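Colleague: I'll drop the sequence and a predicted model, then ask my questions.
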Amino acid sequence: MLYIMDLKYLYAGWNVILGIMACFGIEIITLTYLVSFVFKNSVYAFNKIGMWYVIFGLVLPMVLTLLVGLALAASRSIEGFYVWEGLLCMDPFVGLALGLFYEVIYE
């Protein structure tokens, strides 16, 4: 697919991107498996977990990052942002986004 689309930037780093995607897949599969034990019915669990990933994995971190950034900008402190960045690294979507971002920037 990369050769058909003629994406020159991805030719050299396709193996790194594949590794990032594989690590993301392992994270999501493991997290889904562990969270499914909270529910009694596994079919219901897998339906609801996808919605939870969108809310807690994408929307909530974006909103909270904006609020934390505004609060830290008002207090002119940067130490709290490093703590917040460390907490965000527990989210699989943040790891995927940062991995792809660094691959594109440093390639």
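Modeller: The structure has been received and is ready for your questions.
Colleague: which parts of the chain are helices?
Modeller: 2-5, 8-12, 14-35, 42-54, 60-75, 79-88, 92-106 (DSSP state H).
Colleague: reformat those as TSV; add mean pLDDT.
Modeller: Formatted as TSV, those follow (pLDDT from 0 to 100):
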stretch	mean pLDDT
helix 2-5	54
helix 8-12	64
helix 14-35	85
helix 42-54	79
helix 60-75	79
helix 79-88	76
helix 92-106	81
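Colleague: mean neighbour count for the ones you listed - can I get that in CSV?
Modeller: No exception for glycine: its C-beta is placed from N, CA and C like everyone else's. Shown next, in CSV, are those (neighbours: other Cβ atoms under 10 Å):
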stretch, mean neighbour count
helix 2-5, 9
helix 8-12, 11
helix 14-35, 13
helix 42-54, 12
helix 60-75, 12
helix 79-88, 12
helix 92-106, 14
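Colleague: please name the nearest non-neighbouring residue to the residue nearest the centre of the chain.
Modeller: Most central in the chain under Cα atoms, centre = their mean is Phe93, positioned 1.2 Å from the mean C-alpha point. Excluding the flanking residues, the one nearest Phe93 by Cβ to Cβ, 6 or more residues apart in numbering is Gly57, at 4.5 Å.
Colleague: wait, that neighbour touches Pro92, no?
Modeller: Yes: counting by Cβ atoms under 8 Å, Pro92 is a contact partner of Gly57 at 6.8 Å.
Colleague: ok, the closest residue to Glu27 other than its chain neighbours - contacts?
Modeller: Nearest residue to Glu27, sequence neighbours excluded (Cβ to Cβ, 6+ apart): Pro92, at 4.1 Å. Going by Cβ atoms under 8 Å, 6 or more residues apart in numbering, Pro92 touches 24, 27-28, 31, 57.
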